[in-house]
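> Provided below for reference: sequence and predicted model.
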Number of protein chains: 2
Amino acid sequence: MLNNQELTALLRQNGYKVTPQRLAVYEALANTKQHPSAEMLFGTLQPKYPSMSFATVYKTVEILNKLGLIQIINTGEDSFRYDADISEHSHVQCTVCGRVDDVPALNDRSLVVKVEEASGYSIDKHQFYFFGVCEKCRKKH
Amino acid sequence: MLNNQELTALLRQNGYKVTPQRLAVYEALANTKQHPSAEMLFGTLQPKYPSMSFATVYKTVEILNKLGLIQIINTGEDSFRYDADISEHSHVQCTVCGRVDDVPALNDRSLVVKVEEASGYSIDKHQFYFFGVCEKCRKKH
DNA sequence: CTCTCTGCAAAATTTTTGCACTGCT
DNA sequence: AGCAGTGCAAAAATTTTGCAGAGAG
């Protein structure tokens, strides 16, 4: 998680201008654990930045992702979600309420090696998604 | 992989009618290792079934998935891919050419238990995606 | 013969793009 | 001042839906 100064510096270093919108998008992502989609992000930012547009949200998350500051999550819904936590970790989605939570890194170096051997690929990245029912939804039932 | 008779029986058992389109969609998926998207499926079937429509492709894969006969793959492209191989296995996508290959099951029961403990979820399902460069693309470079 | 399925076209949803204006640097 | 960025609206891409006619049981 970067603060405004660090983010500002990083954007400049990479030739991107520093705008209130870009800071706001990153800040919104850094301050939630909810893994918002573009729509949720837009809804959060709209009140504070009434001129904010979807185009800006999408363009900004693309830049943030390119700079390695956020990761893009794809649980199989129609839309993507974004996460400012770029430490190695996986995600779990509740099949009842749809929420997405973090799962701490699974020490899986050996898995990757197995996959490289089995597939002939050289693996750069992986994403693990788990699906089940969260505690809250289990209790409701 | 089911043959036509088995598929016919299974559809009937579940109250679905058996139509040439449904058999064709399943057959197309059963006879490829390419993990086609709806568009690729449609392109494959169109020559043989000129009246085939996207609506039918989508409705059919939904039924096949509901019956547990195919799985839906989501590597983070805009569109979904489908796989008639429902044995436990993961997928790896080449970040250069985009192809998707199978990865044999990774004995990961202990991973799932770890995730359940860490998250408080009860896990029903998981999907692992690996990304890297395939052998062909590595050689080209 | 009934009722589901197909296939067309239109709608819905998410994301991308073009372009005039704004505002960083 | 120059040029990248914003924001609108239109376009693109994928998937869903409504409905009339076709066809499976």
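Okay, I see it. Numbering: from 1, shown residues only, chains lettered A, B, ... in the order given.
> which element is residue A:16 on?
Following DSSP states H and E, one finds residue A:16 outside all helices and strands.
> give me every residue that touches it.
Shown in contact with residue A:16 (Cβ atoms under 8 Å, 6 or more residues apart in numbering or on different chains): A:22, A:63. C-betas here are computed from N, CA, C, even on glycine.
> now it: phi and psi?
Main-chain dihedrals, residue A:16, degrees, to the nearest 10: phi -100, psi 140.
> separation between it and residue A:30?
17 Å (Cβ to Cβ, to the nearest Å).
> ok so residue A:127 is a strand residue?
Yes. Residue A:127: assigned to a strand according to DSSP: H, G, I helix; E, B strand; the rest coil.
> so what's it bridging to?
residue B:129 (DSSP bridges).
> domain parsing for chain A?
A:4-83, A:90-140 (automatic domain parsing).
> ok, of these, where does mean pLDDT dip lowest?
If the domains of chain A are sorted by mean pLDDT, domain A:90-140 sits at the bottom with a mean of 93.
> and the strands in chain A?
Secondary structure of chain A (DSSP state E): strands located at A:71-73, A:81-83, A:89-94, A:100-104, A:122-133.
> dump these to TSV, plus mean neighbour count.
Converted to TSV, these look like this (neighbours: other Cβ atoms under 10 Å in any protein chain shown):
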stretch	mean neighbour count
strand A:71-73	18
strand A:81-83	22
strand A:89-94	21
strand A:100-104	18
strand A:122-133	18
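> with distance to DNA strand C added, can I get the ones you listed in JSON lines?
Output for the strands of chain A, formatted as JSON lines (distance: least, Cβ to the nearest atom of the strand, whole Å):
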{"stretch": "strand A:71-73", "distance to DNA strand C": "9"}
{"stretch": "strand A:81-83", "distance to DNA strand C": "8"}
{"stretch": "strand A:89-94", "distance to DNA strand C": "15"}
{"stretch": "strand A:100-104", "distance to DNA strand C": "14"}
{"stretch": "strand A:122-133", "distance to DNA strand C": "16"}
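> I figured residue A:94 hits residue A:130, correct?
No. Residue A:94 is beyond contact range of residue A:130, at 10.2 Å (criterion: Cβ atoms under 8 Å).
> what touches both of these two?
What both residue A:94 and residue A:130 touch, as defined by Cβ under 8 Å, 6+ apart, is the set residue B:121.
> what's near enough to touch the residue lying closest to residue A:37 once chain neighbours are set aside?
Once flanking residues are discounted, residue A:37 sits nearest to residue A:79: 4.5 Å by Cβ to Cβ, 6 or more residues apart in numbering or on different chains. Under the criterion of Cβ under 8 Å, 6+ apart, the contact list for residue A:79 reads A:37, A:38, A:39.
> so where do the helices sit in chain A?
Under the criterion DSSP state H, chain A contains helices at A:4-13, A:20-30, A:38-45, A:54-66, A:109-119, A:135-140.
> pick the most deeply packed of those.
helix A:20-30 (a mean of 19; mean count of other Cβ atoms under 10 Å in any protein chain shown).
> up against DNA strand D, what does chain A have?
A:16-17, A:19, A:21-22, A:49, A:51-56, A:59-60, A:78 (Cβ under 7 Å from any atom of the strand).
> restrict these to contacts with DNA strand C.
Filtered for proximity to DNA strand C (Cβ under 7 Å from any atom of the strand), the residues of chain A next to DNA strand D shrink to A:17, A:19, A:54, A:55, A:59, A:78.
> residues in contact with the fifth one?
Read it as residue A:59. By Cβ under 8 Å, 6+ apart, residue A:59 has no neighbours at all.
> how much space between the residue nearest in space to the middle of chain A and residue B:76?
With distances taken as Cα atoms, centre = their mean, residue A:83 lies nearest the centre of chain A, 2.0 Å away. Distance of residue A:83 to residue B:76, given as Cβ to Cβ: 13 Å.
> give the intersection of the neighbour lists for the two.
residue A:72.
> do you know how far the most far-flung residue of chain A relative to its centre is from DNA strand D?
In chain A, residue A:141 marks the outermost C-alpha relative to the chain mean, sitting 29.8 Å out by Cα atoms, centre = their mean. Computed as Cβ to the nearest atom of the strand, to the nearest Å, the residue A:141 to DNA strand D distance reads 25 Å.
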